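>>> pasted the sequence and its predicted model underneath.
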Amino acid sequence: MHAKFKKMSDSTADDWQLIMGEQMAFFNKLPHRILTHLQLLDNDYGGFPVDRLQHSLQTAELAAEAGEDEQYIVCALLHDIGDTLGSANHADVAASILQPYISEENFWMIKHHAIVQGYNFFHHIGLDRNLRDSLREHPHYARTERFVNQYDDQAFDASKPKLSLDLFVPMVHNVFAKPINSIYNKALT
C-alpha cells in the first residue's frame, strides 16, 4: 500500500501514518546498508599498501585495543566510507552519515580528520601540510589529532593478517540503532 498524493503539500495524517510505518522498516535496515557499502572498499587499494576496507578495519581495531568506546570505534571504522561517493570530500560524507548517531566531538573529529591527516602527506602532493593549523583553536582539535596519530596514521600495515568486518557488525548495529541528533528524533520514537 502506498500514499496517494501527487504533491507533498497535499499529504494527510493518514498518508504519513502509512509512510512512517514504511520509514521505520527502512531506518531499521540502515546498519545493513552501511555494512554493505563499507564492503565496497574491499580490494580498493588506490595505490595504498592495504585496501581501503583493511585500512578501516585496522583503524577500528587499534581504537578498540586502546579501549575507546563503541561509538568512537564505529567512527574509526567508517571514517573513510565516503571514499566511494565523495572522493574529493570523503571526510564530509562520512561525517554526514554518522552525524545523527554520534556525539558532537566525534562528528567534528571525523569531519576534519582528512585535514589533520594532511600534515603527513600534503607536502608530497603540493599542498600546505600546515593547513591543520587553522583548526588548532577548536575544542575538538586535540581529539582529532589523537585519532589521526594513534589510529588512522597507524593503519596501513600490509603485513598484518586480514581482519574481518564481522568483528564490528554488532557495534555498527548498536550505534545506528537510534539517532540522537536528528530532526526526526521525535517522529522515530
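Right, received. Where do you want to start?
>>> what helix or strand is the closest residue to Ala91 other than its chain neighbours located in?
If the residues on either side of it in the chain are set aside, Ala91 comes closest to Ala114, at 4.0 Å by Cβ to Cβ, 6 or more residues apart in numbering. Bear in mind the C-beta positions are built from the backbone N, C-alpha and C, glycine included. Per DSSP states H and E, Ala114 falls inside helix 104-117.
>>> buried sites along that helix?
Within helix 104-117, the residues that qualify as buried are Asn106, Phe107, Trp108, Met109, Ile110, Lys111, His112, His113, Ala114, Ile115, Val116, Gln117, counting by 16 or more other Cβ atoms under 10 Å.
>>> next one, pLDDT for the closest residue to the fourth one other than its chain neighbours please.
Of all residues not flanking Met109 in the chain, Thr144 sits nearest, at 4.5 Å (Cβ to Cβ, 6+ apart). At Thr144, the pLDDT value in this model is 98.
>>> again, but for Met1
Note on Met1: pLDDT of 74.
>>> count of residues packed around the residue nearest to it when sequence neighbours are not counted?
In space, and not counting its chain neighbours, Met1 is closest to Leu18: 6.3 Å by Cβ to Cβ, 6+ apart. Summarising burial for Leu18: neighbours were counted as other Cβ atoms under 10 Å, giving 16.
>>> now the helix or strand encompassing Leu18: mean pLDDT?
Applying DSSP H and E as the criterion places Leu18 in helix 13-28. For helix 13-28, the per-residue pLDDT values average out at 89.
>>> in three-state terms, label Asn185 for me.
coil (DSSP: H, G, I helix; E, B strand; the rest coil).
>>> who touches it in this structure?
Taking Cβ atoms under 8 Å, 6 or more residues apart in numbering as the contact definition, Asn185 lies against Pro179.
>>> how about Val148?
The neighbours of Val148, taking Cβ under 8 Å, 6+ apart as the test, are His113, Val116, Gln117, Asn120.
>>> just the pLDDT for it.
Reading off the confidence values, Val148 has pLDDT 98.
>>> ok, it to Gln99 distance?
Remark: distance between Val148 and Gln99 (Cβ to Cβ, to the nearest Å) = 19 Å.
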